[in-house]
Structure formats: C-alpha cells, structure tokens
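Undergrad: Compute the structure for the input listed below.
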Amino acid sequence: MTKTAFGLSIASIAWLAMSCGQHHENKPATAAKTVVEDSGRTIKLPPDSLTLHFFKTQETTQSDLNAELMAPAHVAATVVRSNENTAQNIVLFDNPDITASYTEMLQHIINIREKGNIIRQKKAIAAQKQIELDRFRDLAEHGAGTGKDVSDAKTDLISAQTDMAIAETDLANEKTSIIEHESKLKLAGFDPQSLVTAKADKTWLICEMPENQITKVKEGSSCNLQFNSYPGETFTGVIENVGEVVDNITRMVKLRIAVADVQHKLRAGMYATVKFGVSEGNTLSVPRSAVVTVQGKNYVFVKTNDHTFVRREVMTGAQVGDRMVVLTGVQPGDNVVTDGSMQLKGISFGY
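TA: Predicted coordinates:
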C-alpha cells in the first residue's frame, strides 16, 4: 500500500496555476513521494537531504542504568526511655489516633497476660477437683464414702470447669479486640511487635511511594534522608518494611524507614526527603523521545538505510532519567529515531 505524505513541490503547484485552462499533451513532473508499505510498518522518504535532515537518530545501547528516586516522608514515631517503667520504652507518635490504638494494644497485651495466668490457675483448680472426684468415687465403691460426697465433688468440678471456660472466653475476647488495634497500626505503616520491643533512640519515618515504583526498593536496603529542620545534613536510614496495602485513592504504598537517632535530633512530625539509589542493571535502552504509544502499545522507528524507516513494536521496562529500558523489539546498534518520531507515527498510522 502506498500514499503521498509530502504532496507536490511548490514549483509544481506554481506550474499548475500558470497552466490553468490550457491543454498540453505533456503532464508536469510530480515531486518525489513518501512511500508507505506493509500496513505502515515501512516508510521510505524521498532522497531529499533537507527532509531527511529533520529526522535524527541515536544508537541503541546496552549499559548499567542507575537512578535516584526521591519521595517525601515524615517522622511518624520516636522511642524514648520511660522514667517510671524501665521495662517498657515510650513511643511518641505524630498522630493521636495512632497513639490511642497503640495504648489500647498495650492494655490488651497486659490483659491477655493476666488472663493467661488466671486460666492456668483455673486449670490447676479443675485438675485438683477431678482428683478429688476420683478419690470420692473410689471411696464410695469400697464402702468408705457416701453418694453425697461424690455428688458434692462433681458439683465442685463442674464449677471449676465453668470458671475455667469463662476465663478462656475472656482471653479469646481480648485476643479478638487486640486485632483491631494491630490492624490500625499496620495500615499506618508500623509493626505492632516492633513497637512493643523497640529500643530507645529509634526513630521511624513513613514514606509513600507510587505503586509503579515500589518494585525498585527492597527491604533492608539503605537510603539517605534530608530533613527540613537540618538543611545540609544527611541522615542514613534502613527500609524496614514495604507496605502490603495500596491506597485505593492515591495508589500509594507506605514504606517504613528506621533511623538510629542517638543525638536525639529528630522529633515526631518532622518532614524529610528520602533518596533511594536504584539500579536497573545492565540493560538495553533507548531515549524516551524515541518511544511512541498507540492504543496501549509502544513503538520505535529504526532507520535501516539513508531514507528508509521501519516501525517496531517494543516491550518497555522502567524509565531511568531520560532513557527507557527496552526488553524486546530492538537490538544493540539499531539506530532509533529520536527527533521526528511523532511525525513518523503520523505517517505510519495515518494520523
């Protein structure tokens, strides 16, 4: 299939204007045409140096790509020593609702521990009542005891077992209640167990990152932080956790970053910028300007000779700086069009 993209030259148009109304046996020569073949996949431009000069290319390369991601963060919690209870440090949150959930969780932990002790006591009592019942039964069978003794022992055993069942129900209710507060803490980006056992001088920041960038950061990797309160000073943090929930509205995922603040400079509520160094490894890439998108598919145009361009569908990966990782569709050394790719897109797809 062929079509004309550039039309007649100015000279030809002028000649036609001068010849209007006149009849000649010889027709004027038309300007060279742009030839489009293979359903728009191949474009052959006229051998016009001015036209071809418009389309600039760059060679596809394979190299190590590294980039630095940046995201806002805030100090969500700090841990300080308690003067009253040395066994339990104090966690200061920047959010009163999270503080309430954490306090409730601690109270449920205490209640669970106490009710566990009560259950152990009730079980011991029930076990003793069972022994007494067995003894009274044995005495009654040998004529040394009465039926009333056996009946009273059964009543005592049932009462002890009832008390134990009530205590077990109370414990189950406490365990159910604590789940609500643990869930709120997890949704806020915290690990409930880590809060309980946290050492003093530890600080946690919560950072939100778009879901399409989340695979670029890993738990346990380090990052750099710069706080508005300390311009020019860089802190080092560790990514403790990548959230398991994507916000339905913002499409963001929470990251929890831990910082050892031995100098006690950081306060809950402070803002910071987090910088993550990420690497895409040794990959094939093209300039971002070379990639055009049509109906959800990505394409590049490869220059195969002086005036021929071939459209290729490509599968792209991450964008690193001004380059786009290409997984399939091109090979190292291919000359892809960087300037003029949108014009070729129009010719290729008939836009």
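Undergrad: what are the ranges of the helices in the stretch 201-350 of the chain?
TA: Taking DSSP state H, counting those that start in this stretch as the criterion, the stretch 201-350 of the chain contains helices spanning 341-349.
Undergrad: Name the spans of it whose pLDDT lies under the cut-off.
TA: 278-281 (pLDDT under 70).
Undergrad: which stretches of it form strands?
TA: 202-210, 222-227, 234-246, 252-260, 271-287, 292-294, 297-305, 308-320, 323-328, 335-339 (DSSP state E, counting those that start in this stretch).
Undergrad: Of all those strands, which one comes closest to residue 173?
TA: Nearest to residue 173, of all the strands of the stretch 201-350 of the chain, is strand 234-246, at 26.5 Å by CB to CB. All C-beta atoms are positioned from the backbone trio N, CA, C, and that covers glycine.
Undergrad: Please, where are all the strands along the stretch 1-150 of the chain?
TA: Using DSSP E, counting those that start in this stretch, the strands of the stretch 1-150 of the chain run over 35-37, 42-44, 56-59, 61-80, 90-93.
Undergrad: weakest of those strands in terms of mean pLDDT?
TA: Of all these, mean pLDDT reaches its minimum on strand 61-80 (a mean of 83).
Undergrad: thinking again about what came up before, could you export the strands of the stretch 201-350 of the chain as CSV, including distance to residue 182 and mean neighbour count?
TA: CSV is the format used below for those (distance: least, CB to CB, whole Å; neighbours: other CB atoms under 10 Å):
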stretch, distance to residue 182, mean neighbour count
strand 202-210, 16, 21
strand 222-227, 26, 18
strand 234-246, 13, 16
strand 252-260, 15, 21
strand 271-287, 26, 17
strand 292-294, 44, 14
strand 297-305, 43, 18
strand 308-320, 35, 17
strand 323-328, 39, 18
strand 335-339, 52, 20
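Undergrad: Pop out the phi and psi values for residue 350.
TA: Reported as degrees, to the nearest 10, the phi and psi values for residue 350 are phi 80, psi 30.
Undergrad: so it sits right up against residue 40, yeah?
TA: Yes - counting by CB atoms under 8 Å, residue 40 is a contact partner of residue 350 at 6.9 Å.
Undergrad: between those two, who's got more neighbours?
TA: Under the criterion of other CB atoms under 10 Å, the comparison of residue 350 against residue 40 puts residue 40 first, with 16 against 8.
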